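Asks: missing the sequence, but the structure's below:
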C-alpha cells in the first residue's frame, strides 16, 4: 500500500467523522445532559488535532490533504437529542477502531506514522469507553 494513499484515506475519514458532523448540527441536549454534548465536542476537537498532524504527514509525502465528505446517511441524525446519538456514535467508534487496527498493520516500518496511529487508536478506545459509560447514565436520568 502506498503510504501517501493510506494517510490520505485516514485524513479523509477523520475529517468526515460522525463526531465532526455531530458538532456541526448542534444536537439537542437538556442542561442535565450537557456532559454528553461536551463529550462529543471533546471527541471532535481531538480529531481536529489529529487531522492537523495527518495533514502535515501528507504534505511531507508531497501530497495535498483532501478532506472527506460526510456520508448522506448522516442526514438522518438531524434534530435528534444527543442521548439518542450516543449509541450511534459508539457503533461508529467501534468500526473506526477496527479500521485503525488495519491501518496500523499497513505502516509496519514507519515509526512517525505508527506513533500517531497508535496514539489515535488508544484515544479512540478511550472515546468509545467514555461514550459507553455515559449512555446508561443518561438513560437513567431520563
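Replies: Good, I have the coordinates. Keep in mind that this is a model prediction, so the values were computed, not measured.
Asks: flag the shaky bits of this structure, pLDDT-wise.
Replies: Within the chain, the segments meeting pLDDT under 70 span 1, 137-142.
Asks: distance check, the most centrally placed residue in the chain against residue 60.
Replies: Nearest to the mean C-alpha position of the chain, by CA atoms, centre = their mean, lies residue 17 at 5.0 Å. Applying CB to CB, to the nearest Å, the value for residue 17 to residue 60 is 23 Å. C-betas here are computed from N, CA, C, even on glycine.
Asks: looking at it, residue 113 is touching residue 104, isn't it?
Replies: No: counting by CB atoms under 8 Å, residue 113 stays clear of residue 104, with 9.1 Å between them.
Asks: need the helices for the chain, in chain order.
Replies: Under the criterion DSSP state H, helices of the chain are mapped to 3-15, 18-25, 34-60, 82-106, 111-141.
Asks: nearest to residue 72, of the ones you listed?
Replies: Closest approach to residue 72 among those (CB to CB): helix 18-25, 11.2 Å.
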